[in-house]
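Peer 1: Provided below are the primary sequence and the corresponding predicted coordinates.
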Amino acid sequence: MIDALFPVRETGWTRIRPSSGSAPIANPTKIVVLMDSWSASAGEIFIRRLRQIENVVFIGTNTSGTLIIGDPIKGKLPNSYIGTHWGTALKLEVESGKFVDREGVGYLPDFWVQSEDALDLALKFIHKYGMSADN
């Protein structure tokens with residue numbers, strides 16, 4: 001009965017491209033990214049991808065560090081039929097040939113700024129370094 005409720009998935013390892021240690025992807029566009037502990041899960045995956053390209057600056061605080069478990073599925077417990085969900089994949093990044101566990105730590109910004117000040121300081125950063133449309 002349990003197999004009918006929760007189909008078996010193929011298991012194995014998936015190697016995630018490192019966010020550092022490899023040649024960055026060329027990008028002529030300057031990008032400023034605001035991030036904080038509300039940046040979680042898929043948001044952290046997006047930040048991981050942005051860290052692979054040139055001309056990206058991260059401002060704020062570290063992300064939530066909730067990206068180690070992925071590919072969630074929903075189901076119901078067999079006796080109580082209480083709805084639940086859980087991850088089916090363990091996702092560890094590989095840097096310099098070693099697995100990196102970011103759970104509870106997340107990704108760190110280039111410039112540490114409290115969330116309430118981040119937008120104002122990011123705009124000042126953009127204007128100071130000639131990244132605005134006015135330049």
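Peer 2: That came in fine, so what should we check first? Numbering: from 1, shown residues only.

Peer 1: By mean pLDDT, flag the weakest helix or strand of the chain.
Peer 2: helix 2-5 (a mean of 54; mean pLDDT, DSSP states H and E).

Peer 1: helix or strand right after that helix?
Peer 2: Moving toward the C-terminus from helix 2-5, the next helix or strand (DSSP states H and E) is strand 31-35.

Peer 1: what comes up buried for that next one?
Peer 2: Buried residues in strand 31-35, defined by neighbour count with 16 or more other CB atoms under 10 Å: 32-35. (C-beta placed from N, C-alpha, C; glycine too.)

Peer 1: Check the residues you listed against residue 119 and report the nearest one.
Peer 2: Taking CB to CB as the measure, residue 34 is the one of these closest to residue 119, at 6.6 Å.

Peer 1: So the closest one sits against residue 118, correct?
Peer 2: Yes: with contact defined as CB atoms under 8 Å, residue 34 reaches residue 118; the gap is 5.0 Å.

Peer 1: list residues touching both of these two?
Peer 2: The contact sets of residue 34 and residue 118 overlap at 59-60 (CB atoms under 8 Å, 6 or more residues apart in numbering).

Peer 1: what sits opposite residue 69 in the beta ladder?
Peer 2: As for beta bridges, residue 69 partners with residue 90 under DSSP bridges.

Peer 1: quick one: residue 97 and residue 85, what's the gap?
Peer 2: 33 Å (CB to CB, to the nearest Å).
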